[in-house]
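Novice: just to be clear, the model below is a prediction. Sequence and coordinates:
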Amino acid sequence: MKHGCEHNKSDRKQFLKSQVLPERCQHFIGGRYLDSSSGESFKKTLSAYNESWFEVAVGGAPEIDLAVKAAEKAAAGPWSRATATDRAKLLHRIGDLIEANVETFALAESLDTGKPYSETRNGDIPRSAQNFHFFGDLAAHQSFETWIGDDGSHHTSIREPLGVTGLITPWNLPLYLATWKLAPAIAQGNTIILKPAELTPLSATLLCELLNEAGVPEGVVNVVHGFGAKSAGEALVRHPGVKAISFTGETTTGSAIMRDAADSLKKLSFELGGKGASVIFEDADLDLAVPTACRAAFRNQGQICLAGSRLIVHEKIAPQVIDRLLACVKKIKIGDPLDDATTMGALIANDHRDKVAAFVDHARTSGAGEILCGGKIPASLGEQLANGAFYEPTVIAGVAQNSRLIQEEIFGPVLTVQTFKTAEEAIALTSGVPYGLSCSVYTRDGALAQKFARSVRMGMVWINGWFIRDLHTAFGGMKRSGIGREGGRHSLDFFSEYKTITTAATGSSQSASVES
Ligand code: NAD
């Protein structure tokens, strides 16, 4: 793979065009790149420029079937004899290769998603490498549970691979989330078919080059591009040879996958939508709380499942919090994602930007809230970005709890503001949405923070911070935000099957009466 360059943005485009971008993102099956049997492909639109620089193959049932065959063949081959140490070494090699190519991946990911290069360079891509190193370490240090029964029998529960596993990932953190699933699936000795989001096929395609370089046996990891319903995604979910689906994406897609997976009774893990909140109590350190809440709302153009898209603030401090917040928002620099100075890039697509804008228009026309800043497409970004999917960071105050703006996931740079008087009210507002993924609470009162954290219906609560992750811990949401947890042993559990092997006590003559 060609290494990236820390040059200016026009050099970066040139570098991407001339040395990184494939003519077409092809499927990667059995260790080889190939097109769909139908020859179908589509032109990928780069959302910042509203231009197309490469195509993407569209796979369907035939490509999924081919990938399942390749994965089954690999599962029956030498991969089945790879030890935990072998797999750990492989994972570390992949992590090292991503690190060696961090600029190239970061540029490609920024181009594909529209998100700022500073975020992909310092966030998404290093974390993708870390996913491999983390699960490499964990794979090498797994132990099994053993018991000695009262009668002296020996019981050991070991984990075995599931077989062929399907991974379906969204566009908002493409390589980061694909590797978050790939690494534990490899760690547990599975074979894999990854279906990346159709809007962001690039980093997964580039990763395949590194998988070959790292020595991943052919067929162990396969990538099939395409759409969701009636396309590669649905075909993967329905295929009887696929034993499990780990899915991250929208809640409604999760429901569709659950229905389609029912006939073949697949194991499922769902990381779905979110509607996070930043809750600021009267005694909070505002120098910490406000900039962090601003980042939680607008990082990645607000397109993060964990985004703090609702600010819930004690009424006594609301005026000063809003003043400080608006000052923070003013510092956000919208621009070309490949430019180092940019802190807010383009949304994923123009039609997604229009959906976000429709929420704001609803507030404007129905009086659902007061727009304090933003609420429009930015003017004067220059000729090159004029048709890009940009939207100003928007703050809307005085929104009622039952409004669409509070109850639905907007997934864009829109922050609503609500106020509260009591802790009970803050808890009720935070939990009073269909989602239950994450929230942050800001207070200097440790007991209050604990009471809040214990009371809200959220899978993850940060006290005086946001998006602080340790990869050992459970990641996931309650209610419509998901089923199951990922992270550390939770991922290892999902990607494996327990088998308990019992050896009868030596010399014991087991009678039917002791069987249980
Ligand atoms: P999406 O559900 O539209 O698509 C996600 C993936 O599912 C894509 O690869 C798509 O092709 C595929 N897909 C769509 N329909 C399918 C079907 N019927 N069968 C099989 N596959 C299908 O989601 P998106 O728009 O790409 O991503 C944004 C959503 O993801 C947001 O709701 C966000 O909150 C959520 N998300 C959640 C987490 C989390 O950890 N909880 C993390 C990131 C994103």
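Specialist: Ah, there it is. Numbering: from 1, shown residues only.

Novice: pairing-wise in the sheet, spell out the partners of the residue nearest to Leu211 when sequence neighbours are not counted.
Specialist: Nearest residue to Leu211 in three dimensions, chain neighbours excluded: Val221, at 5.4 Å (Cβ to Cβ, 6 or more residues apart in numbering). Yep, even glycine has a C-beta here, placed from its N, CA and C like the rest. Applying DSSP bridges to Val221 gives these bridge partners: Ile192.

Novice: switch to numbering from 58
Specialist: From this message on, residue numbering opens at 58, which makes the last subject Val278.

Novice: can you give me the strands for the stretch 108-257 of the chain?
Specialist: According to DSSP state E, counting those that start in this stretch, the stretch 108-257 of the chain carries its strands in the segments 108-114, 202-205, 211-218, 221-225, 248-252.

Novice: which ones are touching Leu268?
Specialist: In this structure, Leu268 makes contact with Phe85, Ile151, Val278, judged by Cβ atoms under 8 Å, 6 or more residues apart in numbering.

Novice: which strand or helix spans it?
Specialist: Using DSSP states H and E, Leu268 sits within helix 259-271.

Novice: which of the contacts of Leu268 are buried? Put it as a ChimeraX command.
Specialist: Buried subset of those, written as a ChimeraX selection, criterion 16 or more other Cβ atoms under 10 Å:
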select :85,151,278
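
Novice: I'd like the contacts of Leu268 as TSV, with pLDDT and distance to the ligand appended.
Specialist: Listed next are the contacts of Leu268 as TSV, based on pLDDT from 0 to 100; distance: Cβ to the nearest ligand atom, whole Å:
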residue	pLDDT	distance to the ligand
Phe85	98	16
Ile151	98	21
Val278	98	16
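
Novice: coming back round to it: could I get the strands of the stretch 108-257 of the chain as a markdown table with mean pLDDT?
Specialist: Formatted as a markdown table, those follow (pLDDT from 0 to 100):
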| stretch | mean pLDDT |
| --- | --- |
| strand 108-114 | 97 |
| strand 202-205 | 95 |
| strand 211-218 | 96 |
| strand 221-225 | 98 |
| strand 248-252 | 98 |
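
Novice: closest one to the ligand among those?
Specialist: Closest approach to the ligand among these (Cβ to the nearest ligand atom): strand 221-225, 4.7 Å.

Novice: now what about the closest one, what contacts it?
Specialist: For strand 221-225, the external contacting residues (Cβ under 8 Å, 6+ apart) are 125, 128-129, 132, 235, 238-239, 242, 247-252, 285, 290, 293-294, 296, 298-306, 314, 323, 552.

Novice: hmm, which of those residues are the buried ones?
Specialist: When the contacts of strand 221-225 are checked for burial by 16+ other Cβ under 10 Å, the buried set is 125, 128, 132, 235, 238-239, 242, 247-252, 285, 290, 293-294, 296, 298-306, 314, 323, 552.

Novice: near the ligand, which of those residues show up?
Specialist: The overlap between those and the neighbours of the ligand (Cβ under 6 Å from any ligand atom) comes to Lys252, Gly285, Gly290, Val294, Thr305, Gly306, Ile314.

Novice: show me those that map onto helices.
Specialist: Taking DSSP state H as the definition of helices, these contribute Gly290, Val294, Ile314.

Novice: ok, then the element right after the lowest-mean-pLDDT helix or strand in the chain?
Specialist: None of the helices or strands of the chain scores lower by mean pLDDT, DSSP states H and E than helix 66-72, at a mean of 87. Next along the chain after helix 66-72, taking DSSP H and E as the criterion, comes strand 81-82.

Novice: who are the packing partners of that following strand?
Specialist: Strand 81-82 is packed against strand 108-114, with contacts defined by 3 or more Cβ pairs under 8 Å, 6 or more residues apart in numbering; DSSP states H and E.

Novice: quick one, the strand it packs on and helix 259-271 angle?
Specialist: Here strand 108-114 runs at an angle of 60 degrees relative to helix 259-271 (axes from the mean of the first three to the mean of the last three Cα atoms, to 10 degrees).
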